[in-house]
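Student: structural data only, the sequence is not supplied:
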């Protein structure tokens, strides 16, 4: 008979997991305990955590959630998250996974009013469980991730397939020799100061999660998975950094987390030149199988990537709460009209 437990602090979760979702056990960054711990501590500390776990015959299912007012739950995720999903330990098969998820869904039906989960790449398994156990649950497409499957190509072969205007731009800008490019796998204080400096001069709004990014970069630097790229002025201004990109590379997958460039250098395209170098390093140097550009449908991503993976948002309403009926109807209509 499955058992269910709830945790309201990540310290308790760490103790209960006993390494079950550590780096050695989980190949991908977004399924690890340390990811949720960093994200909550630096970005979401004002929202209580609610982590639920079901266990049966040595296998476990985990849902990392946030608990808002009015018994509403959401995924422990934000704009830094490429994906959110239930996590399993003990290698359960499909039947056991469904059984573990049903146990969690029934438990939450007794204690929660509404659940929203995003970004979810594969919603079928969890959506089916919520519906089986009495939730009124819907899944809606919401954004996507852009992916490159390298498929054994070297960088020259990949680059030859890029749009002609992109290849021409890189060739012309590189000929001008205005920028020095570098990629580091270890963080230093000087590199971090340069990173913050570039972001402060970029087109983007002030970065709300610099403390989170610093902690993530330190963690991945220690693990040897960091790839922190810079474009610097080749002459004048003492080689000031004008573009930067934050990637991690691990287990054959490169993740592109953040990129910024100084708006004053738009004409020189330092960000594009740096992307060219970062892709070359990932494909020929790190020999990755996949490059993931993260969430968002920015038009420039399609120049570099070849596949779009749709993301979904799951909204689940507890029908035992009459206050959910109208929001559930509105959500259903919204899902129908797209």
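Tutor: Great, that's in hand. Remember, it's a predicted structure, so these values are computed and weren't measured experimentally.
Student: where does the closest residue in space to residue 30 that isn't next to it in sequence land in three-state SS?
Tutor: Spatial nearest neighbour of residue 30, excluding adjacent residues (C-beta to C-beta, 6 or more residues apart in numbering): residue 83 at 5.2 Å. No exception for glycine: its C-beta is placed from N, CA and C like everyone else's. At residue 83, secondary structure determined by DSSP: H, G, I helix; E, B strand; the rest coil is coil.
Student: what sits against residue 83?
Tutor: Contacts were defined as C-beta atoms under 8 Å, 6 or more residues apart in numbering; by that measure residue 83 touches 30, 119-121, 145, 311.
Student: could you redo the last one with a cut-off of 7 Å?
Tutor: 30, 119, 121 (C-beta atoms under 7 Å, 6 or more residues apart in numbering).
Student: what about it, distance to residue 180?
Tutor: 35 Å (C-beta to C-beta, to the nearest Å).
Student: burial count for residue 171?
Tutor: 10 (other C-beta atoms under 10 Å).
Student: counting neighbours, which of the contacts of residue 83 comes out on top?
Tutor: residue 119 (23 neighbours).
Student: that's a helix at residue 167, yeah?
Tutor: Yes - applying three-state DSSP, one finds residue 167 inside a helix.
Student: one step back: model confidence for the residue nearest to residue 30, exactly?
Tutor: Looking at residue 83, its pLDDT stands at 97.
Student: how near is it to residue 151?
Tutor: 22 Å.
Student: same thing with residue 61?
Tutor: Look at residue 61 and residue 151: by C-beta to C-beta, they are 33 Å apart.
Student: I figured residue 218 hits residue 188, correct?
Tutor: No - using C-beta atoms under 7 Å, residue 218 makes no contact with residue 188, being 10.7 Å away.
Student: between the two, which one's more packed in?
Tutor: With neighbours defined as other C-beta under 10 Å, residue 218 and residue 188 compare such that residue 218 has more, 14 against 11.
Student: going along the chain, name the helices of this protein.
Tutor: Taking DSSP state H as the criterion, the chain contains helices spanning 10-17, 33-43, 94-111, 124-132, 155-160, 164-176, 189-200, 210-223, 270-280, 301-304, 325-337.
Student: among those helices, show me which one is buried the most.
Tutor: helix 270-280 (a mean of 22; mean count of other C-beta atoms under 10 Å).
Student: tell me which strands and helices that one is in contact with?
Tutor: Packing contacts for helix 270-280, counted by 3 or more C-beta pairs under 7 Å, 6 or more residues apart in numbering; DSSP states H and E, involve helix 164-176, strand 179-184, strand 226-233, strand 241-250, strand 253-261.
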